[in-house]
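Enquirer: what would the 3D arrangement of this be:
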Amino acid sequence: MREITEVAKITIYAYSQLSEEDKKLIDLSIEAVQGAYAPYSNFGVGAAVLLSNGKIVIGNNQENEAFPSGMCAERVALYSASAQNPKERICTIAISAYDKNRDCVALSFPCGACRQVMMEYEKRQNSPIRILISAGEEVYVAESVKSFMPFSFSM
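Expert: Residues are numbered from 1 along each chain as shown. Below is the predicted model:
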């Protein structure tokens with residue numbers, strides 16, 4: 001018999017402790033929520049992706065009544081960033097979410113599909129993607145999607 005132990009490491013910072021670059025990403029992800037189209041779930045999500053050339057690409061969730069035709073904010077931002085900047089690495093993604101009234105920040109970790117997409121980008125670029133998740137005055141930081149998905153699918 002063998003045992004495998006994987007440990008997820010997530011560090012929680014106060015927003016005020018973040019670097020100016022990370023604050024900007026969080027702020028842009030919060031702004032991106034305003035453009036979310038979420039009439040069915042009433043759960044808006046925004047994402048901001050920082051690329052290796054310094055460019056920032058935003059995305060937000062886009063729902064569709066023909067489920068599952070909608071798209072999560074993380075994948076909208078990642079796909080847009082990659083399509084517009086195919087030679088750049090994805091360095092960091094910041095994620096923010098609001099409840100149905102859009103008046104309080106909700107802690108929302110990426111869904112399984114988004115985690116798998118982030119894992120694919122990490123493998124493709126052979127470098128980790130930092131993940132910042134806004135939760136009001138706190139920000140959860142993971143240095144790689146592996147913190148959320150230690151045993152990812154691989155072919």
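Enquirer: please count neighbours and contacts with C-alpha atoms only from this point.
Expert: Will do.
Enquirer: what bridges to the residue lying closest to residue 136 once chain neighbours are set aside?
Expert: Closest residue to residue 136 apart from its sequence neighbours, by CA to CA, 6 or more residues apart in numbering: residue 105 at 5.4 Å. Here residue 105 sits in beta bridges with residue 98, as judged by DSSP bridges.
Enquirer: number of residues surrounding residue 105?
Expert: Other residues near residue 105 number 17, with proximity taken as other CA atoms under 10 Å.
Enquirer: so residue 79 is in which element?
Expert: Counting by DSSP states H and E, the secondary-structure element that holds residue 79 is helix 73-84.
Enquirer: and that helix, which residues are buried?
Expert: Of the residues in helix 73-84, those buried by neighbour count under the rule 16 or more other CA atoms under 10 Å are 73, 74, 75, 76, 77, 78, 79, 80, 81, 82.
Enquirer: just stretch 38-46 next, same as before
Expert: 38, 43, 44, 45, 46.
Enquirer: could you double-check that the second one sits in contact with residue 96?
Expert: Meaning residue 43. No. Assessed by CA atoms under 8 Å, residue 43 is found out of contact with residue 96, at 10.7 Å.
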